[in-house]
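Undergrad: sequence first, predicted model second:
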Amino acid sequence: MNADNIIFIEMESRDAAFHFSLEEYLMQGHVHGTADIMMLWQVDPCVMLGNNQIAQAEVDTHFAQREGIQLTRRSSGGGAIYADGGTLFYTWISCHASPESAKEQFADSIVDALTGMGIPAKKEGRNDICVEGKKITGMAQYARHGRICTHGSLLYDTDLEKLACVLQPDNKKFQGKAVRSVRSRVGNVKDIAGLTRNSLSETTIGKFKTKLKHKLLHEKKFIEYSLTKNDIHEINKINKNKYANPVWTFGHAPNFTFHNSKRFPGGTVGIYINVEKGVVQDCAIRGDFLGIAPINELERHFIGKPFRYDALCDSINGVELQPYLGNISRDEFLSLHAPERKPDWLRLRHVENPNQEYVEKILRENNLNTVCREANCPNQGECFSQKTATFIIMGTHCTRSCRFCNIQNGPPKPLDSGEPQRVANAIKSLELKYAVITSVTRDDLPDGGAAHFAKTIAEIRKATPETLIEVLIPDFAGDFAALKTVTDATPDVISHNMETVASLYDIVRPQAGYRRSLEIIHKIKQLNPRIRTKSGIMLGMGETDEEIHAVMRDLREADCAILTIGQYLPPSDRHHRVAEYVTPQKFEAWGVAAREAGFAFVASAPLVRSSFRAGEAGKLLPLNGGIQ
């Protein structure tokens with residue numbers, strides 16, 4: 001801080017939303033015109049979202065509500081942070097410096113002040129200050145009215161366990177470490193090794209704040225300012241209309257028909273575009289990038305433009321992106337829109353299929369649907385060639401709208417009471433030794449269709465007792481009574497797909513729940529230990545390696561015996577964008593990792609789907625359903 005005159009403001013309020021309102025009020029120049037302003041402040045337990053983040057994707061909102069943790073949103077970019085009474089905040093507002101120089105000057109001032117207090121602080125990364133490799137503070141900025149606000153949080157004696165529980169960050173920023181790595185990467189000043197032997201470890205945060213203030217303002221001219229009644233009145237108006245308004249905090253979750261996100265050195269960027277008749281109707285850009293200008297100014301450039309890569313590139317020609325996206329380069333940003341070309345290993349090989357006409361004839365005669373066709377499965381030719389098919393019951397319309405699935409969403413028709421018998425007839429005609437039955441999700445039915453599953457299993461047992469039966473079930477909205485209806489029908493295998501990692505559920509499975517799916521799988525073995533359990537995941541949706549390991553660990557803890565791992569392939573441009581085409585060699589490595597984790601049977605390859613060659617797994621596993 002090189003300003004000759006500084007206004008220092010200290011507030012008693014611990015309401016985070018009020019402090020953000022105060023910052024906005026000061027940014028409008030209401031106090032001492034062009035003077036630089038510094039503040040040190042504290043808050044009650046809260047999570048502060050970055051301006052461009054989606055609350056549900058960053059925060060465990062159930063945990064926050066249970067623990068009485070306030071959620072608010074600031075006007076600066078960057079990631080979500082947790083703070084409580086052990087966290088100290090600092091703000092510097094200036095109209096005399098560029099954004100970059102303001103950040104550098106204030107960061108240097110913070111480092112110098114901490115060093116002067118015996119704390120060996122160093123600047124690291126794009127916006128962090130660390131001590132002995134632990135992040136203790138990070139900064140963010142925003143610009144308005146010719147001023148730049150630089151603010152940040154300093155962990156002095158923050159509850160790091162709650163921090164790790166309430167935040168759900170993009171794990172890519174932690175270089176592939178698990179969510180639990182949040183706890184290992186950050187540290188409290190009070191707990192830093194080497195400081196516990198001096199008086200600092202016994203200092204309260206109030207005394208620490210006083211010492212930090214003295215160091216920051218040492219040899220500087222400053223005036224302490226107390227807010228007037230009029231100031232507070234105007235600040236409260238801003239607070240009511242914006243920062244304390246749930247619409248500001250939670251109203252950032254966009255609707256979209258196209259989505260893609262990537263992590264770059266400068267932060268994560270996700271783009272959400274709503275397209276109608278080939279034209280962009282709405283656009284939202286979200287992430288933890290460190291832009292300082294309102295992102296909606298950039299979003300407006302895309303609206304009304306044709307949804308084509310060249311048109312979207314042309315729409316931002318001449319636009320300076322740095323104020324909006326921070327250190328995200330133009331090429332990096334445009335790569336979110338670039339069309340993806342499938343690698344050679346995803347090219348389907350031709351399979352001679354002498355039985356396809358016969359299989360389709362049987363399906364047609366019995367008026368049945370297969371997931372092979374409805375989900376656009378890449379293996380349907382091979383399956384038909386082996387006189388096998390995965391039957392989909394309870395209609396062709398699903399009551400959910402997962403972003404990866406090709407099944408149609410919409411109001412389903414009433415159940416067809418004759419369908420179970422026709423499925424059994426088809427299986428008998430095809431002489432199947434192993435049959436897979438799945439369904440659309442039917443949240444409109446009281447039992448989610450569990451009784452229909454049970455009736456179908458019974459009819460197959462009656463028609464062809466030697467056929468092994470696998471059912472791939474929905475989550476029945478977590479209804480264990482409905483699940484028991486299926487387990488009581490004693491299929492040989494019950495499969496329920498996790499599909500993806502926990503951090504992507506809100507994006508691609510918004511009506512499902514990661515923990516709920518795990519509980520369904522675990523409950524199957526409790527209801528009937530003889531039934532084998534199975535699940536499947538897709539790779540290439542934006543997950544990290546550690547998140548894949550975490551799904552495997554969670555599934556094994558839920559006593560899952562069979563795992564399939566395949567490449568995510570978006571059915572259309574309206575679906576979730578593929579983030580990565582995983583190589584066959586990496587799929588082989590994941591297969592090895594899954595077997596080492598304890599799965600009894602694993603199928604892992606780019607074109608593997610949950611029901612592909614399901615009979616091989618069913619025949620290899622022991623009849624008691626346990627892992628041998």
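TA: Okay, I see it.
Undergrad: would you mark the buried spots in stretch 62-79?
TA: Ala64, Ile69, Gln70, Leu71, Thr72, Arg73, Arg74, Ser75, Ser76, Gly77, Gly78, Gly79 (16 or more other Cβ atoms under 10 Å). Bear in mind the C-beta positions are built from the backbone N, C-alpha and C, glycine included.
Undergrad: pull the residues that contact the lengthiest helix in the chain.
TA: Using DSSP state H, we find that the single longest helix of the chain is helix 99-116. Outside helix 99-116, the residues within contact range by Cβ atoms under 8 Å, 6 or more residues apart in numbering are 1-2, 90, 92, 94, 97, 121-123, 127, 129, 131, 137, 139, 141, 143, 148, 150, 152, 154, 189, 212, 215-216, 292.
Undergrad: which is the next helix or strand following that helix?
TA: strand 121-124 (DSSP states H and E).
Undergrad: need the CA coordinates for that following strand. CSV is fine.
TA: Extracted in CSV, the C-alpha atoms of strand 121-124 (Å, rounded to 0.1, in the frame of the first residue of the first chain):
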residue,chain,number,x,y,z
ALA,A,121,4.7,-15.9,4.8
LYS,A,122,5.2,-16.2,1.1
LYS,A,123,3.1,-15.5,-2.0
GLU,A,124,2.2,-18.6,-4.0
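Undergrad: could I get the full set of strands for the stretch 351-500 of the chain?
TA: 369-370, 390-393, 397-398, 408-409, 434-439, 468-472, 493-495 (DSSP state E, counting those that start in this stretch).
Undergrad: identify whichever of the ones you listed lies nearest to Val59.
TA: strand 408-409 (27.2 Å; Cβ to Cβ).
Undergrad: sheet partners, orientation included, of that closest one?
TA: strand 397-398 (parallel) (DSSP bridges).
Undergrad: relative to Asp44, which of the buried residues of stretch 62-79 is nearest.
TA: For the buried residues of stretch 62-79, the nearest to Asp44 is Gln70 (6.6 Å; Cβ to Cβ).
Undergrad: hang on, the closest one packs against Leu49?
TA: No - the pair Gln70 and Leu49 fails to qualify as a contact (Cβ atoms under 8 Å) at a distance of 11.2 Å.
Undergrad: quick one, what contacts Leu22?
TA: Here Leu22 is in contact with Ile9, Met11, Met39, Leu227, Ile235 (criterion: Cβ under 8 Å, 6+ apart).
Undergrad: 6 Å instead, please
TA: Ile235 (Cβ atoms under 6 Å, 6 or more residues apart in numbering).
Undergrad: buried ones in the longest helix of the chain?
TA: Pro99, Ala102, Lys103, Gln105, Phe106, Ala107, Ser109, Ile110, Val111, Ala113, Leu114.
Undergrad: do the same with stretch 435-452
TA: Of all the residues in stretch 435-452, those buried under the rule 16+ other Cβ under 10 Å are 435-443, 445, 447-452.
Undergrad: now do stretch 297-311
TA: Leu298, Glu299, His301, Phe302, Lys305, Phe307.
Undergrad: could you do stretch 399-416 as well?
TA: Buried residues in stretch 399-416 (16+ other Cβ under 10 Å): Thr399, Arg400, Cys402, Arg403, Phe404, Cys405, Asn406, Ile407, Pro412, Leu415.
Undergrad: how long is it from one end to the other?
TA: 17 Å (Cα to Cα, to the nearest Å).
Undergrad: out of the strands of the stretch 351-500 of the chain, the one nearest Trp590 is which?
TA: strand 493-495 (18.5 Å).
Undergrad: that closest one - what's its average pLDDT?
TA: Strand 493-495 shows a mean pLDDT of 95 in the predicted model.
Undergrad: run me through the strand neighbours of it, direction for each.
TA: Partners of strand 493-495 in its sheet, by DSSP bridges: strand 468-472 (parallel), strand 532-539 (parallel).
Undergrad: what packs against the helix or strand encompassing Gln65?
TA: Using DSSP H and E, Gln65 sits in helix 61-67. Contacts defined by 3 or more Cβ pairs under 6 Å, 6 or more residues apart in numbering; DSSP states H and E place helix 61-67 against helix 160-166.
Undergrad: switch to 8 Å and redo it
TA: Using 3 or more Cβ pairs under 8 Å, 6 or more residues apart in numbering; DSSP states H and E, the elements in contact with helix 61-67 are strand 70-73, helix 160-166.
Undergrad: which of the ones you listed sits closest to Cys313?
TA: strand 70-73 (30.6 Å).
Undergrad: what about the closest one, distance to the chain center?
TA: Centroid displacement of strand 70-73 relative to its chain, using Cα atoms, centre = their mean, to the nearest Å, is 18 Å.
Undergrad: next helix or strand past that strand?
TA: Next element after strand 70-73 (DSSP H and E): strand 81-83.
Undergrad: show residues contacting that next one.
TA: Here strand 81-83 has contacts from 16, 43, 45-48, 69, 89, 138, 153, 158, 162-163, 166-167, using Cβ under 8 Å, 6+ apart.
Undergrad: again with stretch 134-141
TA: By Cβ under 8 Å, 6+ apart, stretch 134-141 touches 50, 74, 76-78, 81, 99, 102-103, 106-107, 110, 121, 124, 127-130, 148-155, 185-189, 192, 290, 292.
Undergrad: circling back: between the buried residues of stretch 399-416, which is nearest Ile460?
TA: Closest to Ile460, out of all of those and judged by Cβ to Cβ, is Leu415, at 17.2 Å.
Undergrad: ok, that closest one - contacts?
TA: Applying Cβ under 8 Å, 6+ apart, the residues near Leu415 are Met394, Gly395, Leu445, Gly449, His452.
Undergrad: need phi/psi at the fourth one.
TA: Translated: Gly449. phi 90, psi 10 (degrees, to the nearest 10).
Undergrad: that one - nearest residue in space that isn't next to it in sequence?
TA: Closest residue to Gly449 apart from its sequence neighbours, by Cβ to Cβ, 6 or more residues apart in numbering: Arg442 at 4.3 Å.
Undergrad: quick one: contacts for the one you found?
TA: Here Arg442 is in contact with Met394, Gly395, Thr399, Pro412, Gly448, Gly449, Pro474 (Cβ under 8 Å, 6+ apart).
Undergrad: so the second one makes contact with Pro412?
TA: To tie it back to what came earlier, the one meant is Gly395. Yes - counting by Cβ under 8 Å, Gly395 touches Pro412, with 4.6 Å between them.
Undergrad: roughly how far apart are the nearest residue to Ser401 once chain neighbours are set aside and Asp506?
TA: Spatial nearest neighbour of Ser401, chain neighbours left out: Asn409 (4.3 Å); criterion: Cβ to Cβ, 6+ apart. Between Asn409 and Asp506 the distance is 17 Å, computed by Cβ to Cβ, to the nearest Å.
Undergrad: could you do Ala16 as well?
TA: 23 Å.
Undergrad: of these two, which one has the most company?
TA: Higher neighbour count among Ala16 and Asp506: Ala16, with 25 against 18, using other Cβ atoms under 10 Å.
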